[in-house]
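Undergrad: Provided below for reference: sequence and predicted model.
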Amino acid sequence: MGSTTDLGDYQLFVVSRGYINRLQERLAALESKSEEHSLLEVTTGRSRSTDLSDRIPLSTENNEISEQVIKPSASISPYGTAEAQDQRQLNGEGKAPLTNPLAFHTYDFVPSVTGHILFMGTSSNWSFNKRVLTMTHERVKGRPLSMHNLHFAGTEGKVFDLKWDGTRKFTSQDVPDTSALPTKDFALYLINSVKFHCGWLYSLFDEDIFMERFRLFHENPSEYARAEPLWFVHYLLVLAFGKAFVVQSTKSRRPPGGDFFIQAMKLMPDFNFFDCDIIEEMQVLCCAALYLQSVDHIQQAYRLVCSALRHGLEHGIHTEMQSDSLDAAYVQRSRHMFWTLYILERQLISLLGLPLSIADETISARFPDFPGQPQKLEALKIHVDFCRVLAKINQTVYGLEGKLDSRYLGATQSVLKSIATVTERLNKSFEIQASEGMAGISRISAHLHLMQHQCIILTTRPLLYTFLLSRLGHLEVALMHWLQSESVKGLVQMCTESAQQILRILSSLSEQGLLETFLRFDQDAAFTATIALLMAAAIDSSLLPDHTPWTQRAYGLFDEMNSRGNLVANMVAAELKQLEDLLKGFLASNDSRPVVATQGPNTPRQGFMNDIDSGTGSVTDYAEPFSIEPDDDFGLGLNYELSAEQLLNIANSLDIDSLTWPWPEDPMAEDVDDV
């Protein structure tokens, strides 16, 4: 084929023309065999998205031999990267690059244990968990995974028992009932707990208006509940949140505050005909949606948020709202409400892997005023900007053009630059480290930094998934050679270290009693981090020598959530533990040495990544109960946070052609004379 020349720590491959021709012949034979077995007869009706290809052109300089890499013996499976044959018309020779298996695939719809058909969204944590655990189980055990008692098998929305089927048959209990409401002083305590947990994040009620009505309500509760039915529904929803936030421990399948929530839903008017203040209507729908999301009814939450957003758009809250006809106070309330809806909608579409309801290009709404609270305004702006990044990830990294070639790295480069822009403001205004002389971190700083690292993991985990497919034998093992690229390994390493930092932040919150056990965000962050670490350790032990202390810390977090009534956290932890055991079995029966040789001094970390652990690549059982010890040594601590400059350096250093397939293979030797 050619020859190799030693240049210190490097090798120069001299590749022959004959070698290239042999590869092209092999790929042509592979294509013919694939057509004979109908391996690529899927999803032929999809249209191309021009958005990504217009902004990130496909480089064809090194792609003459790019081709779909599917084992000849494979059949259509949930793990393959098969795509429509019409998508093969991507370059002049009809060659198609390897598809991002999380972006454009054939395994979008799966049956649930209840018989319903489930859609697996692209960026969804739920579907990602299902893909990884299912394919790992089939590879290790040689049989399909039993769906019994698995959260992703269609039990979403069934874990908690709200004791309500959605019907609104009129009974004596459906009229406003104030007999079971808390006393005024306890109600104030519950309202203040909602303000603490949600006030810096969402606009769920206008405090001045809400508290004035609260005062009037307690003058004559029954009469006021009848006179102001929408406010009473709003009040019940706030009480439901308050109960959920203050509960210390519960083993009931009915979520804390569920009685108030169901009463509110039964009294909820039909907003298609109910004439009311549009802002209060949207606030009520947002309260209901956020509660539903917290109790694992994510699709129902999404519908309510979209309903509120549509009603708001009808009233122009997405515009600048500059008119002499508009009252200044109404404009401010509208702006608060729009950005709350925007944040909720963007987060839910990322969780579900769905398209946007409103494009950023159509939004001209200004941010609301926060007199005397500049930090609160800055927090809102940063929060919105990270939500914009989430949308960009969905549209590019997980879009229809999500190919694992120059376009994927081009999209990743663009997203990382966007994250870097937001990070510069984040680190300036909300450092993760506490002020000098003070212990712990603030809840708002923690939330924003968690968002940053989740954006990084969402952007880079298609690589983790592809490498795990290759490691388990579902794709060509030779794909692991991509880890020899500084660009590629740097991205995977950054994904791993972001996952570690998420667990550090959550552990710090837990130590302060600030871990969010009802709202969904901390649970999703813990899952995102843990599954990434399990995958990285299985792919190559040089990425993470020993995941054990990290996963043990994660299980401790899930245990705390479960003890406070979060039943989903327990199911998610069990599924992660099952994945861990499967990977342990795989590593035990396969060579667990690093698949890719350790890099020389010119590593992808480029001076800013740091090793955390120093153990061997093993997956062990836990002999002790999961716990979180404040004095655990996790290396860098919270000082790890990447700067904007470092993120830009990563983005600018990406070699867009790093994912060109195939790499030269040593065994295919040929005379140098053919060169």
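TA: Arrived safely. All values derive from a computational prediction rather than experimental measurement.

Undergrad: okay, and for the protein, where does confidence drop off?
TA: 1-115, 118, 120-121, 147-175, 250-252, 400-406, 434-439, 475-478, 591-640, 658-675 (pLDDT under 70).

Undergrad: need the longest helix for it.
TA: helix 443-472 (DSSP state H).

Undergrad: after that helix comes which helix or strand?
TA: helix 486-511 (DSSP states H and E).

Undergrad: got the angle between that following helix and helix 443-472?
TA: Orientation check (axes from the mean of the first three to the mean of the last three Cα atoms, to 10 degrees): helix 486-511 against helix 443-472 gives 130 degrees.

Undergrad: for the next helix or strand after helix 486-511, name the packing helices and strands.
TA: Beyond helix 486-511 in the direction of the C-terminus, DSSP H and E gives the next helix or strand as helix 521-539. Packing partners of helix 521-539 (3 or more Cβ pairs under 8 Å, 6 or more residues apart in numbering; DSSP states H and E): helix 125-141, helix 443-472, helix 486-511, helix 548-563, helix 567-589. The way it works is simple: take the backbone N, C-alpha and C, and place the C-beta from them, glycine included.

Undergrad: contacts for stretch 331-345?
TA: Residues outside stretch 331-345 that contact it (Cβ atoms under 8 Å, 6 or more residues apart in numbering) are 201-204, 206, 279, 282-283, 286, 289-290, 305-306, 308-309, 312, 315, 317-318, 321, 356-358, 363, 365-369, 380, 383-384, 387.

Undergrad: going through those residues, which ones are buried?
TA: Listed as buried from the contacts of stretch 331-345 are 201-204, 206, 279, 282-283, 286, 289-290, 305-306, 308-309, 312, 315, 317-318, 321, 357-358, 363, 365, 368, 380, 383-384, 387; burial here means 16 or more other Cβ atoms under 10 Å.

Undergrad: restricted to strands, list those residues.
TA: Among the buried ones among the contacts of stretch 331-345, DSSP state E puts none in strands.

Undergrad: among the residues you listed, which lie within helices?
TA: Per DSSP H, the buried ones among the contacts of stretch 331-345 map to helices at 279, 282-283, 286, 289-290, 305-306, 308-309, 312, 380, 383-384, 387.

Undergrad: name the nearest of the residues you listed relative to residue 196.
TA: residue 290 (14.9 Å; Cβ to Cβ).

Undergrad: before we move on, back to that, nearest to residue 213, of the helices and strands packed on helix 521-539?
TA: helix 443-472 (27.7 Å).

Undergrad: could you give the angle of that closest one to helix 567-589?
TA: 30 degrees.

Undergrad: nearest spatial neighbour of residue 423, skipping sequence neighbours?
TA: With Cβ to Cβ, 6 or more residues apart in numbering as the criterion, residue 423 has its nearest non-adjacent residue at 4.6 Å, and that residue is residue 644.

Undergrad: just give me the neighbour total for that neighbour.
TA: 18 (other Cβ atoms under 10 Å).

Undergrad: what residues are up against it?
TA: 420-421, 423-424, 427.

Undergrad: dump these to a markdown table, plus neighbour count.
TA: Shown next, in a markdown table, are those (neighbours: other Cβ atoms under 10 Å):
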| residue | neighbour count |
| --- | --- |
| 420 | 21 |
| 421 | 15 |
| 423 | 27 |
| 424 | 15 |
| 427 | 16 |
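
Undergrad: widest-spaced pair of those residues?
TA: 421 and 427 (11.7 Å).

Undergrad: quick one: residue 267 from residue 224, how far?
TA: Noted for residue 267: a distance of 14 Å to residue 224, by Cβ to Cβ, to the nearest Å.

Undergrad: what do those two both touch?
TA: Going by Cβ under 8 Å, 6+ apart, residues that sit against residue 267 and also against residue 224 are residue 232.

Undergrad: look up the closest residue to residue 368, ignoring the ones flanking it.
TA: In space, residue 368 is closest to residue 335, 4.0 Å off (Cβ to Cβ, 6+ apart).

Undergrad: host element of that neighbour?
TA: Going by DSSP H and E, residue 335 is in helix 328-352.

Undergrad: that helix to helix 125-141, inter-axis angle?
TA: Going by the same axes, to 10 degrees, helix 328-352 makes 10 degrees with helix 125-141.

Undergrad: isn't residue 253 up against residue 565?
TA: No: using Cβ atoms under 8 Å, residue 253 is not in contact with residue 565, being 9.5 Å away.

Undergrad: who has more neighbours out of these two?
TA: Taking neighbours as other Cβ under 10 Å, residue 253 and residue 565 compare with residue 565 leading, 23 against 14.

Undergrad: quick check: the more buried one touching residue 295?
TA: No: if you go by Cβ under 8 Å, residue 565 and residue 295 don't touch, sitting 9.6 Å apart.

Undergrad: before I go, just wanted to say thanks for your time.
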